[in-house]
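Asker: Turn this into a model:
(chains A and B)
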Amino acid sequence: MSSSLGNQVGQLARRSVVRTLRQPAQIVPAIVFPLFLLAVNTGGLKDATSLPGFPTDSYLTFILAVPFIQGALFSVMNSGTDLARDIETGFLNRLALTPLRGAALLSGLLAGATVLGVVQAVVYLAVGLIAGAEMAAGAGGALVLVLLSVTITVAFGTIGLFAALRFGTGEAVQGLFPVFFVFLFLSAMTLPLDLLTTDWFHAIASVNPVTYLLEAIRSLLIEGWNLGDLALGFGIAAAIGAIGMTAASSALKTRLVRT
Amino acid sequence: MSEQRSAGRSIASRLDVARGVAWRSVHNFLTNPAFLVPALMFPLFFFVSFAGGLAAIGEVPGFDFPSGYTAFQFVFVLLQSAAFGGVFTGFAMARDFESGFGRRYMLAASHRSGIVLGYALAALFRAFVTWTVLTTVALVAGMEIAGSGGEILALYALAVLVNVAATMWAAGVALRVRSIQGGPLMQFPTFLVLFLAPVYVPLDLLSGWIHAIASINPITALLEAGRGFISGDPVLVAAAFAIGLALSLLFTAWARGGLRSAEAAG
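Answerer: Take a look at the predicted model:
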């Protein structure tokens, strides 16, 4: 393998993308499961739009933000499980014998998550719009939405990489799924923050970063261009990604020292 | 007389097998945090998220549930935890067969139906543990119960039937697939049938395709009866118990078929 960083990243990215695309068991649930919940929630909660202060008369438009976050949760599992498998099968040990840089390994491994993130975002948006959701920010907003969704997916993916490197088993990575689901469930997922009438729930949702990721996506769908919400959404995603990447780099160093 | 004695011995032997299998499953459940924590936490998160995050839904025009939204959602989460207690036991069964432990059960058991019975008893135990925690949290959160003691017992009896039906469904899959890879096949249909019922609002407030599906979904009758019990206004009682029994019997036959399949596989 060439020592140039670009070539190293490219080789690993290609492997990561091909591996992701060859595993329908990773792709299908990541697309179908969020769409199923979208359909159920839209059907079951559409009367919520009659609550005073609800920001839109289309519950589908409101809840369409949720699949993008659920899809990103699958990214934690997919990127982490793939790396854990490389650790369990000894592939990482073999990579450690090459002049491969840690940054190349981590960036390359996220390529599969990035491609899946793009596919997920396009499918969720297309299904939502076909079903009658609105896109207040227009075509440009759709592009920004896909970009934001991929940023969130990659950010969550870094946490999957950290878990795999820290614990070394796919089972441990799978165990993270409920933890991340808690963040989604304790956010302004099904109602806007202002309509969360239970005090303690409102307090938790107010400090939960997932609430602001949802609000950034919703701003494009419901309001149009709300630069404050968008900046907050991108900023939180970038911060999660930076923290995840730093933690994963540190865990990689520790693991390579062990091997 | 000797036939009666032989039948008695057969039942006793079956119960011995069931007791052994149940003890091991319960021991694994209680001593391994990886099994215990999700079983307790998942229903609690659903309850907290639905009852806390959706409390405003109780103010939607036409929503008229006397015991409030917390009690309305408690019934759904109770039945959901009953179903998933059964599914998670199916996972344990599949894992045992994948690792070869199930095969050792099959060789050692004098009456193999006792193996399935043992897993079913373990599923019921783990459901009781979950229900105890869930009910305590709901009461601490201020859930109003208008139903009488008998009605609340009837609510838990419905949950037992759901647990038995789900365990038998998952056991049938686990015994046929004999690998944890059969997990999604146990889980996804259960999830689907539960969420295609009136989860967030009563059936009358649903419309369109979801109303059509919820109207013919057997879980709807169980949910409505359960919500009737907790609010002291029982509805669809006979239908709900008939459906619960029918599902339990149907999936017991399915699990028996799975047992035969596992026996044939050796």
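Asker: Spell out which residues of the stretch 101-250 of chain A are next to chain B.
Answerer: By the rule Cβ under 8 Å from any Cβ of the partner chain, the part of the stretch 101-250 of chain A lying against chain B is A:171, A:175, A:178, A:181-182, A:185-186, A:188-191, A:195-198, A:200-201, A:205. Where you see a C-beta, it was placed from the backbone N, CA and C, and this is true even at glycine.
Asker: for chain A, which spans come out with low pLDDT?
Answerer: A:1-3, A:25-26, A:171, A:175, A:178, A:257-259 (pLDDT under 70).
Asker: Find the closest residue to chain B in it.
Answerer: A:Gly43 (3.0 Å; Cβ to the nearest Cβ).
Asker: which stretch of helix or strand covers that residue?
Answerer: Taking DSSP states H and E as the criterion, A:Gly43 maps to helix A:24-45.
Asker: Which helix or strand lies directly C-terminal to that helix?
Answerer: Next along from helix A:24-45, by DSSP H and E: helix A:59-63.
Asker: which residues touch that following helix?
Answerer: A:38, A:41-42, A:45-46, A:48-49, A:54-56, A:128, A:131-134, A:190, A:192, A:218, A:221-222 (Cβ atoms under 8 Å, 6 or more residues apart in numbering or on different chains).
Asker: Pull out the buried members of those.
Answerer: Buried by 16 or more other Cβ atoms under 10 Å in any protein chain shown: A:38, A:41-42, A:45-46, A:48-49, A:54-56, A:128, A:133-134, A:190, A:192, A:218, A:221-222, out of the contacts of helix A:59-63.
Asker: I'd like to know which residues of chain B are adjacent to chain A.
Answerer: B:34, B:38, B:41-42, B:45-46, B:48-49, B:51-57, B:59-63, B:184, B:192, B:195-196, B:198-201, B:205-211.
Asker: In ChimeraX, select just the buried ones from those.
Answerer: To isolate the buried ones among these in ChimeraX, judged by 16+ other Cβ under 10 Å, type:
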select /B:38,41,42,45,46,48,49,51,52,53,54,55,56,57,60,63,195,196,198,199,200,201,205,206,210
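Asker: what about B:Phe193, neighbour count?
Answerer: In this structure residue B:193 is Val, not Phe. Using other Cβ atoms under 10 Å in any protein chain shown, B:Val193 has 18 other residues around it.
Asker: so what pLDDT did it get?
Answerer: Per-residue confidence (pLDDT) for B:Val193: 93.
Asker: dump the residue contacts of it.
Answerer: B:Val193 neighbours (Cβ under 8 Å, 6+ apart): B:Asn217, B:Pro218, B:Ile219.
Asker: from the stretch 101-250 of chain B, which residue is nearest to chain A?
Answerer: For the stretch 101-250 of chain B, Cβ to the nearest Cβ, closest residue to chain A: B:Ile210, 3.0 Å.
Asker: Now name the helix or strand holding that residue.
Answerer: Short version, using DSSP H and E: B:Ile210 is in helix B:208-216.
Asker: Return the distance of that helix from the chain's centre.
Answerer: 23 Å (Cα atoms, centre = their mean, to the nearest Å).
Asker: residues in contact with it?
Answerer: Helix B:208-216 has contacts (Cβ under 8 Å, 6+ apart) with A:Ala39, A:Val40, A:Gly43, A:Gly44, B:Leu196, B:Ala197, B:Pro198, B:Leu203, B:Leu206, B:Thr220.
Asker: Please apply the same query to stretch A:243-255.
Answerer: A:87, A:92, A:102-103, A:105-106, A:155-159, A:161-162, A:165-166, A:168.
Asker: now chain B, which segments are flagged as low pLDDT?
Answerer: Checking chain B against pLDDT under 70 turns up B:1-3, B:266.
Asker: need the longest helix for it.
Answerer: helix B:68-99 (DSSP state H).
Asker: Only alpha carbons, please: show whichever helix or strand comes after that one as PDB.
Answerer: Heading C-terminal from helix B:68-99, the first helix or strand you meet, by DSSP H and E, is helix B:101-108. In PDB, the C-alpha atoms belonging to helix B:101-108 read as follows (Å, rounded to 0.1, in the frame of the first residue of the first chain):
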ATOM      1  CA  PHE B 101     -26.900 -26.500  24.500                       C
ATOM      2  CA  GLY B 102     -30.400 -27.000  23.100                       C
ATOM      3  CA  ARG B 103     -29.300 -30.300  21.500                       C
ATOM      4  CA  ARG B 104     -28.100 -31.500  24.900                       C
ATOM      5  CA  TYR B 105     -31.500 -30.600  26.300                       C
ATOM      6  CA  MET B 106     -33.100 -32.700  23.600                       C
ATOM      7  CA  LEU B 107     -30.900 -35.600  24.400                       C
ATOM      8  CA  ALA B 108     -31.400 -35.400  28.100                       C
END
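Asker: Just the buried positions in helix B:101-108, please.
Answerer: So for helix B:101-108, counting by 16+ other Cβ under 10 Å, buried means B:Gly102, B:Tyr105, B:Met106.
Asker: ok, now which ones touch the first one?
Answerer: Going back to what we said before, that points to B:Gly102. B:Gly102 neighbours (Cβ under 8 Å, 6+ apart): B:Met93, B:Asp96, B:Ile115, B:Arg178, B:Ala262.
Asker: Relative to A:Ser206, how far out is it?
Answerer: 49 Å (Cβ to Cβ, to the nearest Å).
Asker: Ok, the second one next?
Answerer: Distance, B:Tyr105 to A:Ser206, by Cβ to Cβ: 51 Å.
Asker: ok so, going back, quick one: distance of the longest helix of chain B to the chain centre.
Answerer: A distance of 5 Å separates the centroid of the chain from that of helix B:68-99, by Cα atoms, centre = their mean.
Asker: Likewise for stretch A:220-228?
Answerer: Worked out by Cα atoms, centre = their mean, stretch A:220-228 lies 20 Å from the chain centre.
Asker: and what of stretch A:92-108?
Answerer: With Cα atoms, centre = their mean, you get 24 Å for stretch A:92-108.
Asker: what comes up buried for it?
Answerer: For stretch A:92-108, by 16+ other Cβ under 10 Å, it's A:Leu92, A:Leu95, A:Ala96, A:Leu100, A:Ala104, A:Leu105, A:Leu106, A:Ser107, A:Gly108.
Asker: How about stretch B:23-36?
Answerer: B:Arg24, B:Ser25, B:Val26, B:Asn28, B:Phe29, B:Phe35, B:Leu36.
Asker: continuing past whichever strand or helix holds the last one, what's the next helix or strand?
Answerer: When you say that, I think you mean B:Leu36. Per DSSP H and E: B:Leu36 is located in helix B:33-47. Using DSSP H and E, the helix or strand that follows helix B:33-47 towards the C-terminus is helix B:53.
Asker: Quick check: which element contains the nearest residue to A:Phe33 once chain neighbours are set aside?
Answerer: Nearest non-adjacent residue to A:Phe33, counting by Cβ to Cβ, 6 or more residues apart in numbering or on different chains: A:Gln70, 7.0 Å away. Secondary-structure assignment from DSSP H and E places A:Gln70 in helix A:65-89.
Asker: same check, this time on A:Tyr124
Answerer: Going by DSSP H and E, A:Tyr124 is in helix A:102-131.
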